[in-house]
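A.B. asks: generate a structure from the sequence data that follows.
(2 chains)
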Amino acid sequence: MIVRMSRLSYRYPGSEDWVLKDVNFEADAGEFVLLVGPSGCGKSTFARVFNGLIPHFYGGELVGEIEVCGMDPREHPTYEFAECVGFVFQNPENQLFFTSVERELAFGLENLGLPREEISRRVEQALREYQLAELRDRSPYELSGGQQQRLAIASVMVMQPKILVLDEPTANLDPFTAVRILALVRRKTIEEGVTAIVIEHRLEVALPFATRMVVMVNGQIVDDGNPAEVIARQKHVVGRPQALELVERLIQAGLSLEVEKPSPEHIALSIARAYKVGEHAARRKRGSPG
Amino acid sequence: MLHEGNVVVQVRDLYYTYPGGIEALKGVNLEVYQGEVLAIMGENGAGKTTLVKHFNGILKPTRGQVLVKGIDTRHASVAELSRIVGFVFQNPDHQLFADTVYEEVAFALRNFGYPEHVIESRVKWALNLMDLWKYRTRSPFSLSVGERKRLTIASVLAYDPEIIVLDEPTAGQDHLQKEKISEIIHLLRLMGKTVVIVTHDVEFVTEHVDRVAVMARGKILAVGPPQRVLCDPQLLREARLVAPQLVKLSLILRRHGILNEGEYEWRADKLAPKLIKVLRSGADGGSPGI
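C.D. replies: Okay, here's the model as predicted:
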């Protein structure tokens, strides 16, 4: 387990109320965890525990057990997590600083004190992978929202973190761009075993990529598991995409559907399969002697 | 109801070039009808926000013409047009500035020179409508994001503009806040307002709007009821929009011969009974298709 938290609670400085309450959470390499819950439920606070921004930057009181990449954030400064935990915010402008895309990508690596060749190798790879090569000399501020967010993720991924925390990474992006960004993240979880913790309200955008869904309400984790099952239980809190409502209605009507993933494409295919099985059975029935 | 005769905003061959030289609009023609709910959709950078900023004169045409209730925006001030067109920005923080919630709503009314007793009753009405009267003495910045959004809507509603423009009302909103925004749009409709929504949220659009204008690269590609526009795969591809979930699903089912050509539903409660019928009749040896 790359992340282990047990009975973790947190409150901001000067506040009586606990924002996180007795949180138990573990995550393994390669998981894509979709973290959802009402605004103000503590999701963003929870995300900031992963790299020690809480408590180092925000102060306050963090109690309970926590281990991220084998370290307790309370005992290690935030910069020690830079290699292990990558963090991308909702608004990429807040984390882009440099005059060119290339400089933006190189900065973190220079800070790690890597040799020149290694830095340039990783920068070139990121420029390719995130389709930023043509933009290498452009100022990050001239880029479109989607390009900025790709750059923000790329500049975090060049550090080769084991955990990627994304706090509403696509809130300001059109669905097409949002899906591309999340697909990129999913690829990292599959190919490199990165653990992704993704906060996202738009279920129809994020669900096809999630391997697991965690629901937080009022500072507590109230559900955790298979995304489709969690939604069926928590639809009053998180909403329910039309495609999953369809599945539920079909199953209620007694049809048996095996849905591999909660995406419209997968659901359509499982309906098509059920249709063929039905047709086949009917043909056999017709064909068999009285 | 749509009355094609009652055009409240007329956009004629509109071109707009930003001072930096970027040509954001390239010959846009659009009519907005009185009392309709119109969505403007398109990828990041398509020109949606640039277009609606012409409705209250924040931007003036480089070429072409925008008429708001017959007034040519080139010859009218923003203040004048703002009484007709209320604008709710995507990020409420760009719009809020007063010390208290009450003052926030009262500000525009004072500017328009309403007497104090009218201001008082209007503020009270608008804050009650948005369920914010209880916060009237608090600072706008102490409210949650969703509440701040409702506050900007309240301050616009208070001076009773005929046309209301909402820029990305559902971006970054959780499930319950989205429901609340649905209610607000329904309410505006009942009040006979003309509502223009700039949005990426295709699922939201299918349920709440009369017409959709699809934009790409500074032009309008299509305008029409969502049933037509959002079910045209080629158009969606060209505009880089993602189809509503159940439209996507319906298209696949058509290819498998489960739905007939041209047949789709985007609500689960409508599609489910159809599918149940087909799947059952398939099993009973009935004819495929509906």
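
A.B. asks: where in the chain is pLDDT low?
C.D. replies: Defaulting to chain A. The model of chain A has pLDDT under 70 over residues A:286-290.

A.B. asks: I was after chain B.
C.D. replies: Chain B contains residues with pLDDT under 70 at B:1-5, B:282-290.

A.B. asks: do a quick rundown of the helices in it.
C.D. replies: Applying DSSP state H to chain B gives helices spanning B:48-52, B:78-82, B:101-111, B:116-129, B:145-158, B:175-190, B:202-208, B:226-229, B:233-238, B:245-255, B:268-283.

A.B. asks: residues of the host helix or strand of A:L184 that come out buried?
C.D. replies: Taking DSSP states H and E as the criterion, A:L184 maps to helix A:175-192. For helix A:175-192, the neighbour count (16 or more other C-beta atoms under 10 Å in any protein chain shown) marks A:175-179, A:181-182, A:184-186, A:188-189 as buried. For every residue, glycine as well, the C-beta is placed using N, CA and C.

A.B. asks: try stretch B:93-102
C.D. replies: Going by neighbour count (16+ other C-beta under 10 Å), the buried part of stretch B:93-102 is B:95-96, B:101-102.

A.B. asks: what does stretch A:268-277 contact?
C.D. replies: Residues outside stretch A:268-277 that contact it (C-beta atoms under 8 Å, 6 or more residues apart in numbering or on different chains): A:250, A:255-260, B:248-249, B:252-253, B:256, B:258, B:275, B:278-279, B:282, B:288.

A.B. asks: the stretch 101-250 of chain A against chain B: which residues are in contact?
C.D. replies: Proximity of the stretch 101-250 of chain A to chain B (C-beta under 8 Å from any C-beta of the partner chain) is limited to residues A:144-146, A:168, A:171-177, A:179, A:201-202, A:204, A:237-239, A:241-243, A:245-246, A:249-250.

A.B. asks: so how far is A:H280 from A:L173?
C.D. replies: Distance of A:L173 to A:H280, computed by C-beta to C-beta, to the nearest Å: 43 Å.

A.B. asks: which one's more surrounded, the two?
C.D. replies: Between A:L173 and A:H280, A:L173 has the larger neighbour count (other C-beta atoms under 10 Å in any protein chain shown), namely 26 against 12.

A.B. asks: let me know how buried A:E124 is, in neighbour terms.
C.D. replies: Counted with other C-beta under 10 Å, A:E124 comes out at 14.

A.B. asks: could I get the phi/psi values of it?
C.D. replies: Backbone torsions of A:E124, given as degrees, to the nearest 10, read phi -60, psi -40.

A.B. asks: ok, now the one 3 residues further on?
C.D. replies: Dihedral pair for A:L127: phi -60, psi -40, per degrees, to the nearest 10.

A.B. asks: isn't it up against A:L105?
C.D. replies: Yes - contact criterion C-beta atoms under 8 Å: A:L127 and A:L105 qualify, at 7.1 Å.

A.B. asks: okay, and the common contacts of the two?
C.D. replies: Common neighbours of A:L127 and A:L105, counting by C-beta under 8 Å, 6+ apart, are A:A154.
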